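[1] Quick one: sequence and predicted model below, then my questions.
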Amino acid sequence: MKKNIESLLIGLVAGFVSGLLGLGGGVVFVPAIVLLLKRTQHEAHGTSLALIVPTAAMGAVIYGMHGNLDLEIVLWLAIFGMAGAYVGVGLAHKLSAKKLRIAYAVFMLIVGIRMILG
């Protein structure tokens, strides 16, 4: 029962952050799945990717209703994003959980600093 309540709260927070900040939800999902639901880093990444689809779709529909969706960019980034995801998942499976966790944290840190500095 505790895991269900934690999962519900994680879903609500990730969905809220996704809609508010335009994130796919992985920024919230991955750490929450690892730290709160006690799953491996690899499980968290795979689960997060599956969760991002419905979460991001809902946000995209509503942003689109407000005229804030560029379908040409969506098409190009989706095509090449899928190719990149294929390669990225292959690499992720070659990394230990610790190395994957470090890579994720370093990436998030760099992105955060870049966003702050502009």
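    Thanks, I have the structure now. Residues are numbered from 1 along each chain as shown.

[2] all helices of this structure, in order?
    Assigned by DSSP state H, the chain shows helices spanning 2-21, 26-35, 41-65, 71-92, 97-117.

[3] Pick the most deeply packed of these.
    helix 26-35 (a mean of 21; mean count of other Cβ atoms under 10 Å). Backbone N, C-alpha and C define where each C-beta goes, glycine included.

[4] residue contacts, the most centrally placed residue in the chain?
    Nearest to the mean C-alpha position of the chain, counting by Cα atoms, centre = their mean, stands residue 26 at 2.0 Å. Going by Cβ atoms under 8 Å, 6 or more residues apart in numbering, residue 26 touches 48-49, 52.

[5] Not counting sequence-adjacent ones, nearest residue to residue 51?
    Distances taken as Cβ to Cβ, 6 or more residues apart in numbering place residue 29 nearest to residue 51, at 5.5 Å, with adjacent residues excluded.

[6] Roughly how far does the one you found sit from residue 118?
    Distance, residue 29 to residue 118, by Cβ to Cβ, to the nearest Å: 27 Å.

[7] Off-centre distance for the least confident helix or strand in the chain by mean pLDDT?
    Least confident helix or strand of the chain, by mean pLDDT, DSSP states H and E, is helix 2-21 with a mean of 86. Centroid displacement of helix 2-21 relative to its chain, using Cα atoms, centre = their mean, to the nearest Å, is 12 Å.
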